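> requesting a structural model of the entry that follows:
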Amino acid sequence: MLVAAAVCPCPPLLVPEVAAGAAPELDAARAACADAVGVLAAARPDRLVVVGPAEESGRGPHQEGAPGSFHGFGVDLEVRLGRDTGPRGPVSRPVLPPSLAVAAWLLGRVGWSDAPVEGLGVEDALEPERCGEAGRSLAARAGRVAMLVMGDGSACRTLKAPGYLDERAAPFDAAVARALAGADVAALMALDAESARELKVSGRAPWQVLAGAAEDAALSGALLYDDAPYGVGYMVAAWS
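Below you'll find the predicted structure:
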């Protein structure tokens, strides 16, 4: 059963080494993410499931200790998902998609050791119904399950945003923020997949996986961060 969830954005810029000179711009988001992960630890879960968007090569389950890196972003930084269960040494073949690599960095930053960790990379086009099914399955994995859900809002909030300015972007993100603040499962499930795709929203499918997992959990929500640096909607929430 799902007992807690944290929702965090997943830009590699969240990692200070990747952001370099621009790192202070996301300090508030990093602090909110740390607070959200703290809510997961306080729930004393038997298992933590990390869910994030993934391209084809990173989709599917990822075991604890799976390696990832930020080499592709010009930084010699390697991470492991949860505890390092493999042999010591450099990461020779990263398997975590970027969203789960950012999650692994977040967990490492707070020193997560409260429960075993597993990951799931979700394709952007996964239908809402299948997202809900995946969430219900994950919630049944243990008696007390916590989830760390990675994903960004629209990338169309300003003229300089990756997807340019789209007037639909701010209302879409505002609806997501309200749903996350209220732990509103129905509102998350009602997010339109086509609109999310057009607005370059990476979090739609992971959020709907969370909605499926939380259907019968009766959790309360709190929105810890809601802003659009770089024209991309970043939201942090905690459910417990």
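> strands along this protein, start to end?
2-8, 47-53, 60-62, 67-69, 78-80, 117-122, 145-150, 221-227, 234-239 (DSSP state E).
> contact partners of the longest helix along the chain?
Secondary structure assigned by DSSP state H gives helix 27-42 as the longest helix of the chain. Outside helix 27-42, the residues that touch it by C-beta atoms under 8 Å, 6 or more residues apart in numbering are 4-9, 14, 16, 48, 106-107, 109-110, 112, 114, 146-148, 224-225, 227, 229, 234, 236-240. All C-beta spots, glycine's among them, are computed from the backbone N, C-alpha and C.
> apply 7 Å and report the result again.
4, 6, 8-9, 14, 48, 106-107, 109-110, 114, 146, 148, 224-225, 234, 236-238, 240 (C-beta atoms under 7 Å, 6 or more residues apart in numbering).
> going through these, which ones are buried?
4, 6, 8-9, 14, 48, 106-107, 109-110, 114, 146, 148, 224-225, 234, 236-238, 240 (16 or more other C-beta atoms under 10 Å).
> what about Ala175, how many neighbours?
17 (other C-beta atoms under 10 Å).
> ok, the residue sitting nearest the centre point of the chain - contacts?
Closest to where the C-alpha atoms of the chain average out (C-alpha atoms, centre = their mean) is Met150, at 0.6 Å. Neighbouring residues of Met150 by C-beta under 7 Å, 6+ apart: Cys8, Cys10, Val50, Val51, Gly52, Ser99, Leu100, Val102, Ala103, Pro206.
> coming back round to it: want to try TSV for the strands of the chain, with distance to Tyr164 as columns?
TSV is the format used below for these (distance: least, C-beta to C-beta, whole Å):
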stretch	distance to Tyr164
strand 2-8	25
strand 47-53	20
strand 60-62	32
strand 67-69	30
strand 78-80	32
strand 117-122	26
strand 145-150	24
strand 221-227	19
strand 234-239	18
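> what would those look like in a markdown table with distance to Arg30 and mean pLDDT?
Listed next are the strands of the chain as a markdown table, based on distance: least, C-beta to C-beta, whole Å; pLDDT from 0 to 100:
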| stretch | distance to Arg30 | mean pLDDT |
| --- | --- | --- |
| strand 2-8 | 10 | 98 |
| strand 47-53 | 17 | 98 |
| strand 60-62 | 23 | 96 |
| strand 67-69 | 18 | 95 |
| strand 78-80 | 15 | 95 |
| strand 117-122 | 20 | 97 |
| strand 145-150 | 14 | 98 |
| strand 221-227 | 9 | 98 |
| strand 234-239 | 9 | 98 |
